[in-house]
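A.B. asks: coordinates only, sequence not included:
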């Protein structure tokens, strides 16, 4: 299984114009997955014109006649992962593409977005909230990146608050677009699994006014050492039969014993004999570590959240959506709180 994965993004402002630079960048920076925004491709440009050896590609073009836009993802072919494009049929004021990666038994959704600067921020954030509420519950890991044209150096901005409500952490911490008069972080990387981050940063590239942003993640799942636990099995325990056998015990030897330690041993032998009949010992193999923070109360909250999500998927009503969002946010808050305890 792949242990490390380097994922990067930058705004290319025409892939055709900078195709050779992009090809060189993939190899010099050893990038496994490269996400591009503003490819400026359209349906007239075939895949064969933008193919890079040893990489497969996924693209979403802007085909409404306007110049600009477009998204592309290059994924190294030798990676032992399966990739599928998620068909999200939801009209949005920003461009997006979501891919589902199968990482050795774990699923990860990789999202790429581009919000043109003239599209309303608040409307886009509301639409993003809708997408996140649909997608995040369907995978083990979630990652979102792109050019959002919102300055993420202001950590109180609404986009950051929206994503943090879903347990996503923004890992890029320096400006990604620098002009003579301003510095801004327009190219964030949001992750639901920041604990697996090995490295992150930015790289200056001469053919774009945006820096490349990247994150390297550790995908190696630590092997849990199996252990065996022996406990009494009460699956077929019958309370009435147990009491009946307990009352039928003979205690002659117990009463004839003169020393106290003999009486204790005889008492324990009789009781254990009855327990062994009705609740014999059984050895279990524990193959997964226990999550101490996952309490019964939290399991109940998760079940209620999942039921609300299923109801919303069927009804698609605003009332059910708001109910699901409330329960989802409560679960996220409680999980974070429990993990800190």
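C.D. replies: That came in fine, so what should we check first? This structure is a prediction, so every number in the text was calculated from the model and none was measured.
A.B. asks: and the strands in the stretch 1-150 of the chain, which stretches?
C.D. replies: With DSSP state E, counting those that start in this stretch as the criterion, the stretch 1-150 of the chain has strands at 4-11, 33-37, 55-60, 71-76, 82-85, 95-103, 106-114, 141-147.
A.B. asks: now mean neighbour count and distance to residue 264 too, for these, in CSV please.
C.D. replies: C-betas here are computed from N, CA, C, even on glycine. CSV is the format used below for the strands of the stretch 1-150 of the chain (neighbours: other C-beta atoms under 10 Å; distance: least, C-beta to C-beta, whole Å):
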stretch, mean neighbour count, distance to residue 264
strand 4-11, 22, 60
strand 33-37, 26, 68
strand 55-60, 17, 73
strand 71-76, 22, 69
strand 82-85, 12, 63
strand 95-103, 20, 57
strand 106-114, 21, 53
strand 141-147, 25, 56
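A.B. asks: can I get the ones you listed in CSV including distance to residue 281 and mean pLDDT?
C.D. replies: Below are the strands of the stretch 1-150 of the chain laid out as CSV (distance: least, C-beta to C-beta, whole Å; pLDDT from 0 to 100):
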stretch, distance to residue 281, mean pLDDT
strand 4-11, 45, 95
strand 33-37, 51, 98
strand 55-60, 54, 96
strand 71-76, 51, 96
strand 82-85, 44, 87
strand 95-103, 39, 92
strand 106-114, 35, 94
strand 141-147, 40, 96
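A.B. asks: next, count neighbours for residue 153.
C.D. replies: Counted with other C-beta atoms under 10 Å, the neighbours of residue 153 add up to 15.
A.B. asks: now swap in residue 330 and tell me
C.D. replies: Residue 330, neighbours per other C-beta under 10 Å, totals 13.
A.B. asks: in the longest helix that the chain contains, what counts as buried?
C.D. replies: Ranked by residue count, the top helix of the chain under DSSP state H comes out as helix 318-340. Across helix 318-340, burial judged by 16 or more other C-beta atoms under 10 Å covers 320-321, 323-325, 327-328, 331-332, 334-335.
A.B. asks: and if you look at stretch 60-68?
C.D. replies: 60-62.
A.B. asks: quick one: low-confidence parts of this protein?
C.D. replies: The model of the chain has pLDDT under 70 over residues 1-2, 104, 221-225, 287-290, 339-341.
A.B. asks: tell me the centre residue of it?
C.D. replies: When C-alpha atoms, centre = their mean is applied to the chain, the residue found nearest the centroid is residue 141 (1.8 Å).
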